[in-house]
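Novice: Only the shape, not the letters, is given here:
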């Protein structure tokens, strides 16, 4: 879970290229989603869950808090 100046979201996955370290995408779930859709395809279609380019998704000059729960 991440929150900060302007956004809150959950990172569900990371996709990167072994050949190009700059090529990274994050699978982002918007925690503000309140719909009743139980169909994952509809949630993706509406943009509540999508792969995001960090250069476009994260804003320069903003801080982000990262919550990493520890498990036993």
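Specialist: Yep, it's here. In this text the structure is predicted, and so the values were computed from the model without any measurement.
Novice: Flag every buried residue along the helix or strand of the chain with the lowest mean pLDDT.
Specialist: Least confident helix or strand, the chain: strand 2-4 with a mean of 78, by mean pLDDT, DSSP states H and E. Using 16 or more other CB atoms under 10 Å as the test for burial, strand 2-4 gives residue 2. Quick note: C-beta positions are derived from backbone N, CA and C, even for glycine.
Novice: How far off centre is it?
Specialist: 10 Å (CA atoms, centre = their mean, to the nearest Å).
Novice: What segments of the chain are strands?
Specialist: Counting by DSSP state E, the chain has these strands, from start to end: 2-4, 8-16, 24-29, 49-52, 64-66.
Novice: Sort out which residues of stretch 22-30 are buried, please.
Specialist: In stretch 22-30, counting by 16+ other CB under 10 Å, buried: 25-26, 28-29.
Novice: for the lengthiest helix in the chain, packing partners?
Specialist: Counting by DSSP state H, the longest helix found in the chain is helix 40-45. Helices and strands touching helix 40-45, by 3 or more CB pairs under 8 Å, 6 or more residues apart in numbering; DSSP states H and E, are strand 49-52.
Novice: Tell me the strands beside the strand it packs on, with direction?
Specialist: Its sheet considered, strand 49-52 pairs with strand 24-29 (antiparallel) by DSSP bridges.
Novice: and for the strand it pairs with, what are the contacting residues?
Specialist: By CB atoms under 8 Å, 6 or more residues apart in numbering, the residues outside strand 24-29 that reach it are 9-17, 48-54, 57.
Novice: now the residue nearest to residue 62 when sequence neighbours are not counted: how far from residue 44?
Specialist: The shortest distance from residue 62 to any residue other than its chain neighbours is 3.9 Å, reached at residue 5 (CB to CB, 6 or more residues apart in numbering). Distance, residue 5 to residue 44, by CB to CB, to the nearest Å: 26 Å.
Novice: Which of those two has more residues huddled nearby?
Specialist: residue 44 (13 against 10; other CB atoms under 10 Å).
Novice: contacting residues around the more buried one?
Specialist: residue 50.
Novice: What pLDDT does the model give it?
Specialist: Confidence at residue 44, expressed as pLDDT, is 89.
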